[in-house]
Every structure is written in structure tokens, then in C-alpha cells.
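Enquirer: the following comprises the amino acid sequence and a computationally predicted model.
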Amino acid sequence: MQSSVQQVSVLGATGSIGLNTLDVVRRHPDKYQVFALSGHSQVEQLAQLSHEFQPKFVVISDEQHAARLKSLLSGQQTEVLSGASALELIASHDDVDIVMAAIVGAAGLLPNLAAAKAGKKVLLANKESLVMSGQLFMETVANSGATLLPIDSEHNAIYQCLPNGQMSPDLGVDKILLTASGGPFRMFSFDQLKTVTPAQAVAHPNWSMGHKISVDSASLMNKGLEFIEACWLFNCSAEQVDVVVHPESVIHSMVSYVDGSVLAQLGNPDMRTPIAYGMAWPDRLESGVKPLDLFEVAQLNFEKPDTERFPCLKLAKQSFMEGGCAPAVLNAANEVAVDAFLNDRISFLSIADVVEGTLNDIENQKAECLETILSADLRARAKASELLQSITGK
Ligand code: NAD
Ligand code: MG
């Protein structure tokens, strides 16, 4: 049992995962206190959250936003900071126990690495940082003795189904069965996919999430990123992870063992379950999630993923098997393409074209150090933007 109150930094506090995390914290003021909050540009929301949680620090990306936030928080104890280095500060501060890594995209990489290096209990929602720098990230965790707990619901489920959250040959694990809802376009024909809109893509049937991950779920890139995430987190090969489409999102993933046993973790699709699991680990915590009513669920269905209609899953797997900086290139190109799709610049199907074109054009390099990874990320963004221009003519 944890005895004292744990200090929590919530990176990406204004997002879907961040707000769910704060909801869990709100339920347990005797166990957790907010040390710091961060958000990209949501000045009013950060002011409101700071009034409620009274953190020591609040971080916002740019200086002008910081000036407005300071004026909204005048007379408060909370110190307002801005910029990337401030994110690293609140992720690694000596007084912090738990870091919720819930910034979206590559922007989360440096603060997440800072938290890992500082030996924190890192609750990892930001899968992109692990996709970009899997080996470096896992080595950093091992060297510092940080505790890394997956918050992505599938990986949290797998963690719960593995003895001590670890996968090693002598434990008799055969396979990881990574479940996927299939997203809002699971039943769409290739022709129908040509004209889907951002509004349709962000309307996920089971989960309420930020826009970027919702589009990734619709294209199955999310499952591709999660495939890579699983290989790094659980130290397993690509052959040991199977993707299983399970439209109800009640089973959050499974582990199959050599004796024929399959262990699954079930629950309502509500991120407060994996968040509360991570916060309280190795204990359990009431999270506010409705108990699962199996009679209401009634049926669980399973299908194979279709990588013809959803090529992003295949591209992500290939990039992992290629290794080096290929997953970082895939991730960067996808971020650029998804942003363009959300801004009505390209069609849904062009997302995969931009990612594939970028992967084909950028020469792969070993992911030896952070600088190499960040430079691959930058080159991929430039190439993806070029490809966008050739698609849109602008
Ligand atoms: P979101 O878009 O709702 O929130 C993103 C947060 O990051 C916001 O606080 C935003 O202000 C901040 N942010 C955005 N760009 C930034 C930048 N350049 N610099 C600093 N901060 C920035 O996203 P979300 O749905 O909460 O997802 C967050 C992360 O968690 C993603 O990596 C996602 O893949 C992962 N995740 C989310 C869910 C979910 O249910 N939402 C589930 C599993 C994993
Ligand atoms: Mg997930």
C-alpha cells in the first residue's frame, strides 16, 4: 500500500486522456495531488483546471498564451511556464511521483524520455513516443529503474494478463492477441472509403477520444502503432502479436499460453479503467467506470483485419520489421497526413498513400540515438508535406 499522497504531473491535461486522469484524481484526493498540468493552447481550460487542482506548475506551449494564462491565474500560487523545456521540467521534477504521458504525437517524446530518465512511474498513453524510439525508450527505463505502465487499453489489458506484466520464454506465453474495434469504417467498401469525411472518421463507435487517434482508429494506423508498441513493451517479435478485430471493444486484449489457456481482460470501453490501474498499481482503485453487464453485452464477435481496405496496419508492421528509424518516419508522415485530412486537404485514402510514399523515399537509418530519430522525424515531415502538395496541387 502507498502510504503518502502521490504527486502527479499530467502532460496533455486538456485532452481526452488528461481529463479522464483528472477525473480519477478528483475521486481520490487522499491518495493523489496534482503537481503540474500541461496543455498546448487551451488557456481558459488550463486556468479552470488550475483553479480546481491548485498545481505547483502549469505549462502551455507558447509565450503569448502563457502571458494570458498568468493574468487569469494572478493571485494564485501556481507558476505558469511555457515551452518544451518546461514540459521536461514537470516530467522529471524531484517532487513528482507519477507522470501521465498524454500529449498526442511526437511532441510527447522529449518529456516522456525525461520522465523515464528521472526514474518516475510513467503512465504511458502517448504511444507515438514508443513507436519513434522503442529501443532507446525501453533502455532508458531499464537504466533508470523507472516503472513503465501502459495506459493504452489494449496494452494495459495485456499487462494485466501477463505474470508480472512481463513476457519471457520460460513463462509459456504463446501469443499476444491485440484486439481492434475495426473503427467506424469497418463495414465500408473501398469505394465508400473514398469519400468519408473527417466528421465521420472522428465519430468512433465505442470510444470517445482526441481527433488524431480517432482518425488513426478509422484507418487502422492506430492498431499498427499499437502493434509496434506491444512489441517494444513486452519484448516480443512481430510473429508473436496477432491483431483480432472485435467490434464490441469489451475484451481489451488477450494473451494465449502454450497450454491452450487464453487470458483476457474485459470491461466497458472507458479509459478510466486503465488509468486507475496505472495510478494505483500494484493496488486497485475505484475509477467511476460502470460495472460490465455481460447480459447487456450478450455477444462477442471476432474477425480478421482487412489490410487491403486498411493498408496502414500493414505499413506499420512492415516499418517495425524493417527497424531503425522506419517507425519514426511512418509516425511523422502519418501525423502530417492525418492533420491534412482533418483540415479537408486530402481524402481519407490518401493518408496511407502519403505514409507509403514517405517510407519509400526516405533512406532508413539505424535508430542509434535521439538526434538520429529526431532528424528522421523532421525529414519525414518535409517529405510528407511535399507529397501532400503533389496530391492537392497547392
Ligand atoms: P487529445 O487530442 O484529446 O489531447 C492531446 C493533449 O496533448 C492536449 O492536452 C493538447 O493540448 C496536448 N498537445 C497537443 N499538441 C501538443 C504539442 N505540440 N505540445 C504540447 N502539448 C500538445 O488526445 P488524447 O485522445 O487524449 O490522446 C493523447 C495520447 O494518448 C495520444 O498519444 C493517444 O494515442 C493516446 N491514447 C489515447 C486514448 C484515448 O482514449 N483518448 C487511448 C489510448 C491512447
Ligand atoms: Mg488503444
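Expert: Right, received. Where do you want to start? Remember, it's a predicted structure, so these values are computed and weren't measured experimentally. Ligands and ions are numbered 1, 2, ... in the order given.
Enquirer: skipping adjacent residues, who's closest to the one residue in the chain that gets nearest to ligand 1 in space?
Expert: Here the chain gets closest to ligand 1 at one residue, Gly15, 1.9 Å apart by Cβ to the nearest ligand atom. (Each C-beta comes from the backbone N, C-alpha and C, glycine too.) Using Cβ to Cβ, 6 or more residues apart in numbering and skipping the chain neighbours, the partner closest in space to Gly15 is Gly210 (5.3 Å).
Enquirer: so what's the backbone phi/psi at the residue of the chain most remote from its centre?
Expert: Using Cα atoms, centre = their mean, the residue of the chain lying farthest from its centre is Gly75. It sits 35.3 Å away. Torsion angles at Gly75 (phi, psi; degrees, to the nearest 10) stand at phi 90, psi -10.
Enquirer: for Phe295, same thing?
Expert: Phi and psi for Phe295, reported as degrees, to the nearest 10, are phi -70, psi -30.
Enquirer: pretty sure Ala13 is touching Ser38, no?
Expert: Yes: counting by Cβ atoms under 8 Å, Ala13 touches Ser38, with 5.9 Å between them.
Enquirer: for Phe341, which non-adjacent residue is closest in space?
Expert: Ile351 is the one closest to Phe341 (Cβ to Cβ, 6+ apart), at 5.6 Å.
Enquirer: tell me the contacts of the residue in the stretch 101-250 of the chain that ligand 2 sits nearest to?
Expert: When distances are taken as Cβ to the ion, the stretch 101-250 of the chain reaches nearest to ligand 2 at Asp152, 4.2 Å away. Residues in contact with Asp152 (Cβ atoms under 8 Å, 6 or more residues apart in numbering) are 124-125, 127, 226, 229, 274.
Enquirer: what does Phe234 give?
Expert: Applying Cβ under 8 Å, 6+ apart to Phe234 gives the contacts 158, 162, 166-167, 176.
Enquirer: okay, those in TSV with secondary structure next?
Expert: TSV is the format used below for these (DSSP: H, G, I helix; E, B strand; the rest coil):
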residue	secondary structure
Ile158	helix
Leu162	coil
Gln166	coil
Met167	coil
Ile176	strand
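Enquirer: check these and tell me the two furthest apart.
Expert: Maximum pairwise distance among the contacts of Phe234 (Cβ to Cβ): 12.5 Å, between Gln166 and Ile176.
Enquirer: and those two? which has more neighbours close in?
Expert: A count of neighbours by other Cβ atoms under 10 Å puts Ile176 above the other of Gln166 and Ile176, at 26 against 11.
Enquirer: contacts only, for the closest residue to the more buried one other than its chain neighbours.
Expert: Of all residues not flanking Ile176 in the chain, Val241 sits nearest, at 4.8 Å (Cβ to Cβ, 6+ apart). The neighbours of Val241, taking Cβ under 8 Å, 6+ apart as the test, are 175-176, 178, 227, 230-231.
Enquirer: check Ala102 too.
Expert: Residues near Ala102 by Cβ under 8 Å, 6+ apart: 10-13, 15, 17-18, 21, 108, 125-126, 151.
Enquirer: next one: Val329
Expert: Residues in contact with Val329 (Cβ under 8 Å, 6+ apart) are 319, 358-359, 362, 364, 376-377, 379-380.
Enquirer: any quick ChimeraX command for the buried ones out of those residues?
Expert: In ChimeraX syntax, the buried subset of these is picked out as below (16 or more other Cβ atoms under 10 Å):
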select :319,358,359,362,376,377,379,380
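Enquirer: closest one of the contacts of Val329 to ligand 2?
Expert: Ser319 (18.3 Å).
Enquirer: so that closest one lies in a helix, does it not?
Expert: Yes: the assignment for Ser319 (three-state DSSP) places it in a helix.
Enquirer: need the nearest residue in space to Thr21, chain neighbours excluded.
Expert: Thr21 sits nearest to Met100 (Cβ to Cβ, 6+ apart), 4.8 Å away.
Enquirer: burial count for the one you found?
Expert: The local packing of Met100 (other Cβ under 10 Å) involves 33 other residues.
Enquirer: now do Asn143
Expert: 11.
Enquirer: that one: what secondary structure?
Expert: The three-state label given to Asn143 by three-state DSSP is helix.
Enquirer: tell me the pLDDT at it?
Expert: The model reports Asn143 with a pLDDT of 98.
Enquirer: go on, the one 5 residues further on?
Expert: Predicted confidence (pLDDT) for Leu148: 97.
Enquirer: try Tyr159
Expert: Here the pLDDT value assigned to Tyr159 is 97.
Enquirer: all helices of the stretch 201-350 of the chain, in order?
Expert: In the stretch 201-350 of the chain, the segments counted as helices under DSSP state H, counting those that start in this stretch are 211-219, 221-233, 272-280, 294-297, 311-322, 326-342, 350-361.
Enquirer: how far away is the closest residue in space to Asp259 that isn't next to it in sequence from Thr392?
Expert: Once flanking residues are discounted, Asp259 sits nearest to Gly172: 6.5 Å by Cβ to Cβ, 6+ apart. Here Gly172 is placed at a distance of 52 Å from Thr392 (Cβ to Cβ, to the nearest Å).
Enquirer: go on, Leu110?
Expert: Look at Leu110 and Thr392: by Cβ to Cβ, they are 31 Å apart.
Enquirer: in terms of packing, which of these two has more residues around it?
Expert: Shown here are Leu110 and Thr392; by other Cβ under 10 Å, Leu110 has more neighbours (18 against 11).
Enquirer: tell me which helix or strand the more buried one sits in.
Expert: In this structure, Leu110 sits in helix 109-117 according to DSSP states H and E.
Enquirer: what's that helix packed up against?
Expert: If you count contacts as 3 or more Cβ pairs under 8 Å, 6 or more residues apart in numbering; DSSP states H and E, helix 109-117 packs onto strand 6-11, helix 84-92, strand 98-101, strand 121-124, helix 127-144.
Enquirer: which ones are touching the closest residue to Ile103 other than its chain neighbours?
Expert: In space, and not counting its chain neighbours, Ile103 is closest to Gly12: 4.0 Å by Cβ to Cβ, 6+ apart. Going by Cβ under 8 Å, 6+ apart, Gly12 touches 18, 38-39, 100-104, 108, 125-126.
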